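[1] whatever this is, show me its structure:
(one chain, ligands or ions: 1)
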Amino acid sequence: MKKTRKTLIVGNWKMNLNVSQASLLVSRLHKHIEGHRDIEVVLAPSMLDLQPVSLQIDRRRFRLAAQNAYHKDEGAYTGEVSFNMLRDLVHYVIIGHSERRIYFHEDLGEIRDKVSAAVRNDITPILCIGETQVERRAGETKQVLHDQLTTAISNLTTEEVSQMVIAYEPVWAISTFGGEIAKPVDIQREIDFIRSQIEGLHGKQTSKEVRVIYGGSVDDHSARAYLEIDGCDGVLPGSASLNYHKFALIVKAAHRINEEEDGKKEK
Ligand code: PEP
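    Now for the predicted structure:
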């Protein structure tokens with residue numbers, strides 16, 4: 001599949017960095033990451049850091065994602081922040097991250113409601129799906145991906161599905177849960193499966209248009225191999241996104257791959 005759109009690089013800062021630490025990281029990212037027309041760089045700071053980071057970033061080079069939000073638009077839900085409150089602040093929201101599924105017991109229905117709330121509020125969902133090590137060893141990967149994917153998008157139209165982002169994040173490959181390095185060939189197979197599920201539900205065109213990215217201990221050494229996977233539109237590094245040097249190298253690697261592909265096309 002030819003790359004006809006921007007490569008998406010999403011840095012998930014998780015629950016790290018207070019406001020001044022976040023500001024320092026952003027100024028370093030400005031120094032080390034050039035704007036590239038072929039790359040979309042998205043930063044996902046904590047909820048607290050979103051507002052100050054939004055005032056600091058060069059919006060031509062960086063976009064923002066929230067790491068979570070509550071599915072109701074407003075009301076008596078003490079301690080929560082709604083998608084509605086985030087709509088002018090962020091382009092994206094990460095939904096269904098394995099840390100939220102596992103530590104905060106978010107179930108399939110709750111994740112479906114969050115995906116609907118994001119779309120309702122004009123925020124693009126980055127839906128994370130992936131199997132645990134136990135599920136993988138039991139041969140249940142495809143069933144898990146099927147269930148997580150089909151439930152999450154069950155309220156969306158074809159048009160809405162085509163505009164979302166799906167992040168394949170096998171739980172066993174995420175640094176938090178062991179960080180086993182996934183083989184690109186295995187990731188290729190599951191990305192193909194995800195697109196085939198979308199094709200079955202929403203047709204071939206949508207399965208080509210939907211962006212599918214990979215996350216799981218991606219760093220400056222491994223990024224290239226994942227970015228070269230056919231049909232992989234980007235990567236979602238967690239730990240490596242807290243290191244400006246590594247994160248900048250990931251962006252560079254993505255840009256270089258695109259330049260090489262353009263060079264091949266011209267010949
Ligand atoms: C993540 O935060 O989704 C992630 C994949 O983290 P890490 O890169 O640290 O494994």
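
[2] contact partners for the residue of the stretch 1-150 of the chain found nearest the ligand?
    At 3.8 Å from the ligand, residue 12 is the closest residue in the stretch 1-150 of the chain, using Cβ to the nearest ligand atom. For every residue, glycine as well, the C-beta is placed using N, CA and C. Shown in contact with residue 12 (Cβ atoms under 8 Å, 6 or more residues apart in numbering): 44, 65, 67, 94, 97, 215, 236-238, 241.

[3] equivalent analysis for residue 169, please.
    Contacts of residue 169 by Cβ under 8 Å, 6+ apart are 97-98, 128-130, 214-216, 236.

[4] got the contacts of residue 12 as CSV, with neighbour count, secondary structure and distance to the ligand columns?
    CSV is the format used below for the contacts of residue 12 (neighbours: other Cβ atoms under 10 Å; DSSP: H, G, I helix; E, B strand; the rest coil; distance: Cβ to the nearest ligand atom, whole Å):
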residue, neighbour count, secondary structure, distance to the ligand
44, 27, strand, 8
65, 25, strand, 11
67, 21, coil, 9
94, 28, strand, 8
97, 28, coil, 6
215, 26, coil, 4
236, 28, coil, 5
237, 26, coil, 5
238, 25, coil, 2
241, 28, helix, 7
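
[5] phi, psi for residue 233 please.
    Dihedral pair for residue 233: phi -90, psi 0, per degrees, to the nearest 10.

[6] ugh, wrong one, I meant residue 93
    According to degrees, to the nearest 10, residue 93 has phi -130, psi 130.

[7] just the mean pLDDT for stretch 37-50, thanks.
    Stretch 37-50 carries an average pLDDT of 98.

[8] that stretch: end-to-end distance?
    Stretch 37-50 has an end-to-end distance of 24 Å (criterion: Cα to Cα, to the nearest Å).

[9] how about stretch 49-65?
    11 Å.

[10] and for stretch 96-108?
    9 Å.

[11] list the buried residues of that stretch.
    Buried residues in stretch 96-108, counted by 16 or more other Cβ atoms under 10 Å: 96-101, 106.

[12] for the chain, what lies in contact range of the ligand?
    With Cβ under 6 Å from any ligand atom as the criterion, the chain meets the ligand at residues 12, 14, 97, 169, 174-175, 179, 215-218, 236-240.

[13] what about residue 74, how many neighbours?
    10 (other Cβ atoms under 10 Å).

[14] point out where this structure drops to low pLDDT.
    1-4, 267 (pLDDT under 70).

[15] can you map out the strands along it?
    7-12, 39-44, 62-66, 92-95, 124-129, 165-168, 211-214, 234-235 (DSSP state E).

[16] check those for me and report the most buried one.
    Of all the strands of the chain, strand 234-235 carries the top mean neighbour count, a mean of 28, counting by mean count of other Cβ atoms under 10 Å.

[17] coming back round to it: can you list the strands of the chain in CSV and add distance to residue 248?
    Converted to CSV, these look like this (distance: least, Cβ to Cβ, whole Å):
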stretch, distance to residue 248
strand 7-12, 10
strand 39-44, 10
strand 62-66, 12
strand 92-95, 20
strand 124-129, 21
strand 165-168, 21
strand 211-214, 18
strand 234-235, 14
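
[18] cool, thanks, talk later.
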